[in-house]
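Novice: next one to model:
(one chain, ligands or ions: 1)
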Amino acid sequence: MKKLIAGNWKMNGSIASNAVLVQSLLEGTAASQCLVTVCVPAPYLAQVQALVAGSGIDLGAQDVSQHESGAYTGEVSCAMLRDFGVRYAIVGHSERRQYHGETDAVVAEKAQRALAAGITPIVCVGETLAEREAGRTEEVVKRQLAAVIHTNGHCISEIVVAYEPVWAIGTGKTASPEQAQQVHAVLRAQLRAASAQADRVHILYGGSMNAANAAQLLSQPDIDGGLVGGAALKAVDFLTIIAAAQ
Ligand code: 13P
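Specialist: Okay, the predicted model is just below:
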């Protein structure tokens with residue numbers, strides 16, 4: 001399958017800097033053979049939708065509401081995202097779990113809401129350093145994915161999974177290719193047990209992926225792409241990761 005490289009801009013960007021970044025990405029991906037998406041802050045969806053229109057770069061969001069519509073101040077619905085041509089939405093990022101109290105059940109509902117709207121949820125799972133050191137990595141990621149499988153049943157082959165060890169996010173500490181592959185294989189087995197189509201599911205690695213380490217990570221058999229934070233804000237670095245994926 002084609003690899004998927006997704007940039008998660010997090011809470012970064014401005015109208016001026018987005019225009020410069022996306023212009024460089026458009027030039028650098030014109031002949032790209034892999035799937036590329038940028039998950040931008042909600043206020044910039046319209047801007048980036050216009051910039052990437054007609055290109056091979058897909059538009060993504062960083063979160064969705066688990067509710068359909070109504071009295072949920074500050075939330076953004078899937079229907080609103082669809083209005084702006086959004087193809088992917090990150091759900092259950094560890095920063096949302098940690099700072100906004102998102103539980104496995106909420107993440108599963110968000111994934112369900114996205115799927116129902118025709119948006120591909122990029123479901124994030126990952127253990128903290130304390131959990132890894134306690135030997136609980138497998139248990140934690142399996143519990144997180146199980147909630148989404150339970151709620152979404154046979155649609156599970158329509159999701160994207162991102163394994164993002166919390167200790168590797170924004171720290172410059174990357175999981176080694178072997179460490180990442182080991183967890184990806186666990187997630188693949190869990191998906192296979194739930195769906196005959198499990199091999200279609202992209203399982204992305206995220207956590208300090210950069211221009212220097214991407215090729216090795218992406219060469220692992222169950223690493224189907226990357227969810228890139230800091231390095232997605234620099235066109236040269238993001239394009240180097242995209243090149244490493246093909
Ligand atoms: P960094 O690439 O900055 O470590 O962020 C990873 C991430 O959280 C992507 O969602």
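Novice: contacts for stretch 40-55?
Specialist: With Cβ atoms under 8 Å, 6 or more residues apart in numbering as the test, stretch 40-55 has contacts from 9-13, 15, 18-19, 22-23, 26, 29-30, 38, 58-62, 76, 81, 84-86. Placement of C-beta: from N, CA and C, glycine included.
Novice: could you list the buried residues of it?
Specialist: Within stretch 40-55, the residues that count as buried by 16 or more other Cβ atoms under 10 Å are 40, 41, 42, 44, 45, 47, 48, 51, 52.
Novice: coming back round to it: can you select the buried ones from the contacts of stretch 40-55 in ChimeraX?
Specialist: To isolate the buried ones among the contacts of stretch 40-55 in ChimeraX, judged by 16+ other Cβ under 10 Å, type:
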select :9,10,13,18,22,26,29,38,58,59,60,61,62,76,81,84,86
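Novice: number of residues surrounding whichever residue of the chain sits closest to the ligand?
Specialist: Proximity of the chain to the ligand (Cβ to the nearest ligand atom) peaks at residue 229, 2.2 Å away. By other Cβ atoms under 10 Å, the residues close to residue 229 number 23.
Novice: contacting residues for it?
Specialist: By Cβ under 8 Å, 6+ apart, the contact set of residue 229 is 8, 10, 169, 170, 206, 208.
Novice: measure it to residue 239 for me?
Specialist: Distance, residue 229 to residue 239, by Cβ to Cβ, to the nearest Å: 16 Å.
Novice: following element in sequence after the strand or helix carrying residue 49, please.
Specialist: Using DSSP states H and E, residue 49 falls within helix 45-52. The element immediately downstream of helix 45-52 (helix or strand, assigned by DSSP H and E) is strand 57-61.
Novice: residues in contact with the helix ranked longest in the chain?
Specialist: The longest helix of the chain (DSSP state H) is helix 177-194. For helix 177-194, contacts defined as Cβ under 8 Å, 6+ apart pick out 125, 137-138, 141-142, 145-146, 149, 156-157, 161, 163, 165, 175, 198-199, 201, 203, 205, 216-217, 219-223.
Novice: identify those among these that sit within strands.
Specialist: Within the contacts of helix 177-194, residues falling in strands by DSSP state E are 125, 161, 163, 203, 205.
Novice: top of the residues you listed by neighbour count?
Specialist: Of all the ones in strands among the contacts of helix 177-194, the highest neighbour tally under other Cβ under 10 Å goes to residue 205, namely 32 neighbours.
Novice: residues contacting that residue?
Specialist: Residue 205 makes contact with 162, 163, 164, 175, 180, 184, 217, 218, 223, 225, 226, 227 under the criterion Cβ under 8 Å, 6+ apart.
Novice: sorry, back to before: show me the contacts of stretch 40-55 that map onto strands.
Specialist: Among the contacts of stretch 40-55, the residues falling in strands (DSSP E) are 38, 58, 59, 60, 61.
Novice: closest to residue 97 among these?
Specialist: residue 61 (16.9 Å; Cβ to Cβ).
Novice: list the contacts of the closest one.
Specialist: By Cβ under 8 Å, 6+ apart, the contact list for residue 61 reads 39, 40, 42, 45, 76, 81, 86, 88, 89, 90, 119.
Novice: shouldn't the first one be in contact with residue 7?
Specialist: Yes - counting by Cβ atoms under 8 Å, residue 39 touches residue 7, with 6.5 Å between them.
Novice: secondary structure class for the residue most central in space within the chain?
Specialist: Central residue of the chain (Cα atoms, centre = their mean): residue 122, 4.3 Å from the mean position. Assigned with DSSP: H, G, I helix; E, B strand; the rest coil, residue 122 falls in the strand class.
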